[in-house]
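Asker: Could you work out the structure for the sequence below:
(4 chains)
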Protein chains: 2
Amino acid sequence: MNQTRRDVFQAISDPTRREIIGLLARRSLNLNKVADHFTMSRPAVAKHIRILTECGLVVVQTRGRETFCQADLKGLKQVSDWANTYQEFWNDKLDALERFLDEDPCDENL
Amino acid sequence: MNQTRRDVFQAISDPTRREIIGLLARRSLNLNKVADHFTMSRPAVAKHIRILTECGLVVVQTRGRETFCQADLKGLKQVSDWANTYQEFWNDKLDALERFLDEDPCDENL
DNA sequence: TTTTTTGGAAACCGTATGGTTTCATTTACA
DNA sequence: TGTAAATGAAACCATACGGTTTCCAAAAAA
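Answerer: Okay, here's the model as predicted:
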């Protein structure tokens, strides 16, 4: 649970964290409310939330004894942009067969 | 390096694998050619490629003694679609402040 | 002022991850 | 036919990951 390689791609690689994102996108919740949606323990959820904050997808804000978790998903644009770079692969404009035939098998000699 | 949780999100969480995707999107390469782009060992690259094949993003095809690696990035649509679900967060239509103000602080009592 | 509620923090655990080196095998080439 | 190229496979390693339980502290409520 260190600070290495804490980028958005790694943050969203875990299904639990994607679920947390889904929850917080609709409304802010405190930690216990988030944890209530899962069968795992509260500390486990807390660790996921920490990871999400470490890459800026979630912002926490202490109010009294509660920790309010708020989604800030601008960072997902990076993911969207990256994936969309390869849109041609699923856009029908150029299907897999076409790509295969287009490809010069001698490219390997570069 | 087992077969657990080998989904697209996990596959693209590693920067090396995203780089491999970038390479193979332009042209198919055999394993050694891919490995030439990295400082790490060939077996390390081979493992990354195996992970990419396990979720369908890369297809390998043995020809003689060579293993040709070909990208098939239709699986990235899933990533794009998921991220785009949250477009509103970076679309200016609704900026963070607005979201914050829109939010009913009493939602927490659900 | 007790007692809940809320959650931080630490210690621990099993397994996955990302890498290495070494060795064997198959194919191509001189 | 010997040799080089291309790769698979296995063993190994350190650390990250995802989870747990336990305990403590602070704020809120009774």
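
Asker: Which residues are in contact with the residue nearest in space to the middle of chain A?
Answerer: When chain A is reduced to its mean C-alpha position, the nearest residue by CA atoms, centre = their mean turns out to be A:Ile12, at 2.5 Å. Applying CB atoms under 8 Å, 6 or more residues apart in numbering or on different chains to A:Ile12 gives the contacts A:Arg18, A:Ile21, A:Leu57, A:Leu76, A:Val79, B:Phe9, B:Ser13. Where you see a C-beta, it was placed from the backbone N, CA and C, and this is true even at glycine.

Asker: And A:Thr85, by the same measure?
Answerer: A:Thr85 sits in contact with B:Ala25, where contact means CB under 8 Å, 6+ apart.

Asker: picking up where we left off before, can you turn the buried subset of the contacts of A:Ile12 into a selection I can paste into ChimeraX?
Answerer: Selecting the buried subset of those in ChimeraX, with 16 or more other CB atoms under 10 Å in any protein chain shown as the burial test, is done by:
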select /A:21,57,76,79 /B:9,13
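
Asker: Narrow the contacts of A:Ile12 to those in helices?
Answerer: Of the positions in the contacts of A:Ile12, A:Arg18, A:Ile21, A:Leu76, A:Val79, B:Phe9 sit in helices, assigned by DSSP state H.

Asker: So the last one is in contact with A:Ala11, correct?
Answerer: No: with contacts counted by CB atoms under 8 Å, B:Phe9 stays clear of A:Ala11, the gap being 10.1 Å.

Asker: what does chain A put close to DNA strand C?
Answerer: A:30-33, A:42-43, A:46, A:60, A:62, A:65-68 (CB under 7 Å from any atom of the strand).

Asker: Am I right that A:Ser13 is in contact with B:Arg17?
Answerer: No: between A:Ser13 and B:Arg17 there is no contact under CB under 8 Å: 10.9 Å.

Asker: Chain A: strands as residue ranges?
Answerer: When secondary structure is read from DSSP state E, chain A shows strands at A:29-30, A:58-63, A:66-71.

Asker: Can you name the residue of chain A nearest DNA strand D?
Answerer: For chain A and DNA strand D, the shortest gap (CB to the nearest atom of the strand) falls at A:Gly64, measuring 2.4 Å.

Asker: For A:Asn30, see how far away that residue is.
Answerer: With distances defined as CB to CB, to the nearest Å, the gap from A:Gly64 to A:Asn30 amounts to 10 Å.

Asker: Settle it for me: which of the two has more neighbours?
Answerer: Neighbour totals were compared for A:Gly64 and A:Asn30, and A:Asn30 leads with 18 against 7 (other CB atoms under 10 Å in any protein chain shown).

Asker: Sounds good, over and out.
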